[in-house]
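Engineer: Everything below, folded, please.
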Amino acid sequence: MTQQVWMKWADDVYPEWALPESAKSRMGDLYNETDFPTLKDCMKHFTCECTIVPLGEAEQVKRIMLISKQSAELLEKSIDAKVQTQIEELHTSIWKDLMSPLEKIVEVFNKDKPKIYETLLGNLLEIVNVIPSYDALTKDPKLQEAATKAKAVFTTMTTADLKKSEEARKLALSTAKDLIQNYTPYARKFAA
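Structural biologist: Residues are numbered from 1 along each chain as shown. The predicted structure follows:
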């Protein structure tokens, strides 16, 4: 059912919504072509995997242990390995999600006439606010430290500050560069 709803939206709604003429008329001066990725680009950012691990009821697992301790251990190891792999993939993804907006800040402020949108800070603040929730899974103090440092600086400024103040832009740029320089080695450690 959900896939049918998604495909209907993808086939009927998105193309109409993302047409440059339609978007320009709706958004006026706020229109930016890069805010409307192709449907193919959108699909690259969505994944869903459903793994079904057949497990018996508690009584059946106890019987398996009585019959074959090795089978029970194999079942446990298999499940643990899958969970660990998923946690590692999540960890890598979180590092990428943190570094990407920092890199965007550097890219934008290295231009002569930077275009500053709400998403420049919004994307970064969104991820740094979520990172503490993953601490129990990732157990990565460097990730927490990077998020805390980014939050400490970037929550003190607004997009309006960045548009008006050269000093705010310099602080944002230097902070982003420092965070990238200091934490890229940790982020790369988790990259594939």
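Engineer: can you give me the helices for this structure?
Structural biologist: For the chain, helices defined by DSSP state H occupy the ranges 2-8, 14-18, 20-27, 39-44, 58-67, 69-109, 118-130, 135-138, 141-154, 159-164, 166-190.
Engineer: Adding distance to residue 33, write these out as CSV.
Structural biologist: Where C-beta positions appear, they are placed from N, C-alpha and C, glycine not excepted. Listed next are those as CSV, based on distance: least, Cβ to Cβ, whole Å:
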stretch, distance to residue 33
helix 2-8, 24
helix 14-18, 10
helix 20-27, 7
helix 39-44, 13
helix 58-67, 56
helix 69-109, 16
helix 118-130, 14
helix 135-138, 36
helix 141-154, 26
helix 159-164, 20
helix 166-190, 24
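Engineer: Generate TSV for those, with mean neighbour count and mean pLDDT as supplementary columns.
Structural biologist: Shown next, in TSV, are the helices of the chain (neighbours: other Cβ atoms under 10 Å; pLDDT from 0 to 100):
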stretch	mean neighbour count	mean pLDDT
helix 2-8	9	68
helix 14-18	13	70
helix 20-27	12	77
helix 39-44	10	74
helix 58-67	11	70
helix 69-109	15	85
helix 118-130	16	93
helix 135-138	13	88
helix 141-154	17	95
helix 159-164	15	94
helix 166-190	16	86
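Engineer: Report the contact partners of residue 134.
Structural biologist: Each residue near residue 134 by Cβ atoms under 8 Å, 6 or more residues apart in numbering is listed here: 90-91, 94, 143.
Engineer: hang on, I meant residue 100
Structural biologist: Contacts for residue 100 were tallied using Cβ under 8 Å, 6+ apart; they are residue 123.
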